[in-house]
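# no FASTA, just this:
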């Protein structure tokens, strides 16, 4: 059943350019149906049995509105999540250079105001910090499912791995998850769920900068793409093909 709704959503993306014409046709059809019902006197029949119709219709209408809100509201509501980058780069002077030498060099550079001045000599070298393994850019999937931002895969000093989503901006939807797949650019459910793919859990927000730790038993080297995926309808919202560096 959910897969059926997924097909309907994909169909809706093809019909999206015609949305205003379709809306106009629907309104005309509804108005014609109401006019026909009034001409036949059906409204009198309903009014005379309003208690019975109320008992049956009210719960059905409430359930319909709840389902419509649960599935449709994410398309109109944006959630921004801003998380700090969890890794800090540390630096230390190379061998034979003291911190006093570094501070003195920095004071000298601060007093120089020349656009032709070259950059300060490399008196500091990076010591530790995360290693950037792979990255990729999100892109629009179709007329409805749009995405932008960068996905970056890091390895920390302790050997743990992290997926960082930066400047993410993707169309919101019901129950979106972050998936990692060995496929470089999946286009259907079978490719999304290819052997070796795994989930990092629900998407925290459809906008912002976010961190997703990668389980220790998963192999980051096999990651070919990062996918924002609607689990209930099995629909791809956006994909970031991952490349080295």
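That came through, no problem. Every value quoted in this text rests on a predicted model; they were computed, and no experiment measured them.

# using the three-state scheme, assign residue 65.
Using DSSP: H, G, I helix; E, B strand; the rest coil, the structure places residue 65 in helix.

# what residues of whichever helix or strand residue 212 is part of count as buried?
Under the criterion of DSSP states H and E, residue 212 resides in strand 207-214. Neighbour counts over strand 207-214 (16 or more other C-beta atoms under 10 Å) mark 207, 208, 209, 210, 211, 212, 214 as buried. For the C-beta atoms, the positions are set from N, CA and C on the backbone; glycine is no exception.

# please tell me how far residue 217 sits from residue 151.
From residue 217 over to residue 151 the distance is 21 Å, taken as C-beta to C-beta, to the nearest Å.

# okay, the two: which has more neighbours?
With neighbours defined as other C-beta atoms under 10 Å, residue 217 and residue 151 compare such that residue 151 has more, 27 against 6.

# in a helix, the more buried one, correct?
No: Residue 151 is assigned strand when assessed by three-state DSSP, not a helix.

# check contacts around it.
135, 136, 137, 138, 163, 164, 165, 166, 226, 240, 242 (C-beta atoms under 8 Å, 6 or more residues apart in numbering).

# quick one: residues contacting the last one.
Residue 242 makes contact with 134, 135, 136, 151, 153, 184, 223, 224, 225, 226 under the criterion C-beta under 8 Å, 6+ apart.

# now do the helices in the chain.
Counting by DSSP state H, the chain has helices at residues 2-15, 19-39, 42-48, 50-72, 99-111, 189-192.

# beta partners for residue 151?
For residue 151, the beta-bridge partners are residue 136, residue 165 (DSSP bridges).

# from residue 135, how far out is residue 61?
According to C-beta to C-beta, residue 61 and residue 135 sit 48 Å apart.

# between these two, which one's more packed in?
Legend: neighbour count by other C-beta under 10 Å for residue 61 and residue 135, higher for residue 135 (19 against 11).

# can you give me the pLDDT of the more buried one?
We have a pLDDT of 96 for residue 135.

# for it, give its distance to residue 161.
13 Å.
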